[in-house]
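> pasting the sequence and the predicted model now:
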Amino acid sequence: MNRRDFFRLASMAGIGASAISWSRLAGAATPPQLGTVPTNTGISGRVVVIGGGMGGATVAKYLRLWGGTGVSVTLVERDTAYTSNILSNLVLNGQRTITSLQYGYTNLASRYGVRLVKGEVMAIDPVGHSVSLADGSKLPYDRLIIAPGVDFDTIAGLESPTAQAKVPHAWKAGAQTTQLRNMLLGMQPGGVFAMTIPAKPYRCPPGPYERACVVADWLKKNRAGAKVIVLDANPGIIAEPLAFTNAFDVVHKGVIEYHPGVTINSIDATTMSLNTSLGNLKANVINAIPPHKAGKVVVANGLANAGGRWAGVDVLTYQSTAAPGIHIIGDASATTQPKAGHIANQEAKICADAVIRLLAGRSPDPAPITNSACYSPITADTASWLTAVFAYDPVSATMQPVPGAAGEAAGRSTENYKEMNRWFNTLMEDSFA
Ligand SMILES: Cc1cc2nc3c(=O)[nH]c(=O)nc-3n(C[C@H](O)[C@H](O)[C@H](O)COP(=O)(O)OP(=O)(O)OC[C@H]3O[C@@H](n4cnc5c(N)ncnc54)[C@H](O)[C@@H]3O)c2cc1C
C-alpha cells in the first residue's frame, strides 16, 4: 500500500482505535456500512454538538453511525454552510472560489438522522445540562460536545471595524478571503504585501508559510518586482522547515523576505503601516493574523482553563477538565496535537467512540491513535506535505508522536499537488458526506 492509499483508507475507515471499537462495543460481528445508522445497539442518550466545522460535523455523523438510532444528536451551527479553511489560500491566487469550498449540512440530516438547529449557542448550564441559544431557546443534553474553532485577539490599532476591514486576517475562510484576493489584484508592480504570523499555538502551523508562497508565486507572475514581507512572532519556521526554507530561499528568492522573532506593537490602517520590533514598515496590503484563543463559547462559559485561552481536556474522551459531561474537540482544545482540520476529524472520532461507550456505561478506549496529513502548495502546481501519527501515552496522559511515523516531503512536486486535492476531497467527504 503506498502513502496515498494509506491516507485515503485511514481517513475513510476512521483509522485505528475508534473504528475498531464500535464493533467491540456493540458486539456486532461486522461494523455497519458507512451511511447505515444501526437500530440495534441498545445505546441511548441525547447529545448536543456546538459547531458544524471539521470537528463538529464529523462527531455528529459518527455518533449516529456508531451509536445508532437511540443516540439522538442535535448539531447547532450559526452558519447555513461550512466554508473550509483548508485550501482557502488558493482563493488568493484565483485557483479556487470561496463557493467551491462550501459544504452544506443536508447529508448529515438525511443520511444519518442528525437534527440540525441553525443558531448560536451563548450560554451553557453544566449543572442543569442545557445550552441556551441567542434566540432564547434551550436544548437539554446528556452529553455536550463543543467544537467552535478559534477566536482572535485584537491587534493594537485595529480595534475599530473600519480598521479591521482594511487589514483582513482571512484566517476564517469567507468574505475576508475574497477581500484579500481583491486587495492582491489591486496591487501595483513593485508593491509590498506584509503578513504577520502569531506566536504558536495557532490553527494550521504550515498555513501562514503556505500563504506566503502562494501569494509570492502569484505576484511574481502578475506584479513584477512586488514583495512579500513575512513578520513571524515565532523564533523560526514552525512547520515543514525544510520545504519552506527552500521555498523562501530558492523558489521565491528575492520575492519573500522572512523575518523571525518579530513583535507587532501596532498597525495603523489609515497609513497602512506596521510598528514592529524591527522598526516601522509601510505596505500596500497588510494581512495580519492575530494571536488565537478558543472560540468564544468556550472562553465565555469558563471552560478555557488552559492558560485562560484553551480548553483543558482528557484526551481519552475529550471531556473538559473543568466540567464533567462536556467534551471539547478541534482547535479549541489544549492538546499536544496540532490545531488542524485533519486532527479535528480524528479527535471527533475518538470523542464519538468515547461518548457512546460512556452512554453505555463502559470505559473509554485506553489506547487511542490519531493521524494527520497536511499538503502545502508552494507554487500554483507544486506542493509539499507533512504527516504525523499520535498515540496515547499513559505516563504523561497526552497524545505523543509515534517515533518513525512522522514525515515531511523530500521536496515539492506536481504529484504532491494532485494528491493534495485527493486528500482534501476524501477528508471533506468523511466529515460532511
Ligand atoms: C488558511 C488556512 C489553511 C488551513 N489548511 C489546513 C490544512 O491544509 N490541513 C488541515 O488539517 N487544517 C488546515 N487548516 C486548519 C483547519 O481549518 C482547522 O484546524 C479546523 O477547521 C478546526 O476545526 P474545528 O472544528 O475545531 O473548527 P472550525 O472548522 O472552525 O469549525 C467551527 C464551527 O463552529 C461554529 N461555531 C462557533 N461558535 C459557535 C456557537 N457559539 N454556536 C454555533 N456555532 C458556532 C462556526 O460557525 C464553525 O462552523 C487551515 C486553516 C487556515 C486558516
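Everything's here; your move.
> just the residues contacting the helix or strand hosting residue 400, thanks.
Assigned by DSSP states H and E, residue 400 falls within strand 398-401. The contact list for strand 398-401 (Cβ atoms under 8 Å, 6 or more residues apart in numbering) reads 315, 335-337, 368, 370, 388-393. For every residue, glycine as well, the C-beta is placed using N, CA and C.
> can you give me the buried ones in it?
The neighbour-count check on strand 398-401 (16 or more other Cβ atoms under 10 Å) flags residue 399 as buried.
> note down every partner strand of it and its orientation.
strand 383-393 (antiparallel) (DSSP bridges).
> enumerate the positions of the partner strand that are buried.
So for strand 383-393, counting by 16+ other Cβ under 10 Å, buried means 383-392.
> next: stretch 242-259.
Applying a neighbour-count criterion of 16+ other Cβ under 10 Å, one finds 243-244, 246-248, 251-252, 255-258 buried in stretch 242-259.
> got it, and stretch 35-44?
Of all the residues in stretch 35-44, those buried under the rule 16+ other Cβ under 10 Å are 37-38, 41, 43.
> Three-state assignment for the residue lying closest to residue 93 once chain neighbours are set aside, please.
Ranked by Cβ to Cβ, 6 or more residues apart in numbering and with sequence neighbours excluded, the top spatial neighbour of residue 93 is residue 218, at 4.2 Å. The local conformation at residue 218, judged by DSSP: H, G, I helix; E, B strand; the rest coil, is helix.
> what number of residues lie near residue 218?
Neighbour count for residue 218, taken as other Cβ atoms under 10 Å: 23.
> also the one 3 residues further on?
The number of residues packed around residue 221, counting by other Cβ under 10 Å, is 11.
> only alpha carbons, please: show the host helix or strand of it as PDB.
In this structure, residue 221 sits in helix 207-222 according to DSSP H and E. Taking Å, rounded to 0.1, in the frame of the first residue of the first chain, the C-alpha atoms of helix 207-222 are listed here in PDB:
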ATOM      1  CA  GLY A 207      -0.700  27.700   6.800                       C
ATOM      2  CA  PRO A 208       0.900  31.100   7.000                       C
ATOM      3  CA  TYR A 209       4.100  30.000   5.300                       C
ATOM      4  CA  GLU A 210       2.000  28.300   2.600                       C
ATOM      5  CA  ARG A 211       0.100  31.600   2.200                       C
ATOM      6  CA  ALA A 212       3.400  33.500   1.800                       C
ATOM      7  CA  CYS A 213       4.400  31.000  -1.000                       C
ATOM      8  CA  VAL A 214       1.000  31.200  -2.800                       C
ATOM      9  CA  VAL A 215       1.000  35.000  -2.800                       C
ATOM     10  CA  ALA A 216       4.700  35.300  -3.800                       C
ATOM     11  CA  ASP A 217       4.100  32.900  -6.700                       C
ATOM     12  CA  TRP A 218       1.100  34.900  -7.900                       C
ATOM     13  CA  LEU A 219       2.900  38.300  -7.500                       C
ATOM     14  CA  LYS A 220       6.000  37.000  -9.400                       C
ATOM     15  CA  LYS A 221       3.800  36.100 -12.400                       C
ATOM     16  CA  ASN A 222       1.500  39.100 -12.200                       C
END
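> could you point out which element follows that helix?
Under the assignment DSSP H and E, the closest C-terminal helix or strand after helix 207-222 is strand 227-232.
> taking their axis directions, that following strand and helix 207-222 sit at what angle?
170 degrees (axes from the mean of the first three to the mean of the last three Cα atoms, to 10 degrees).
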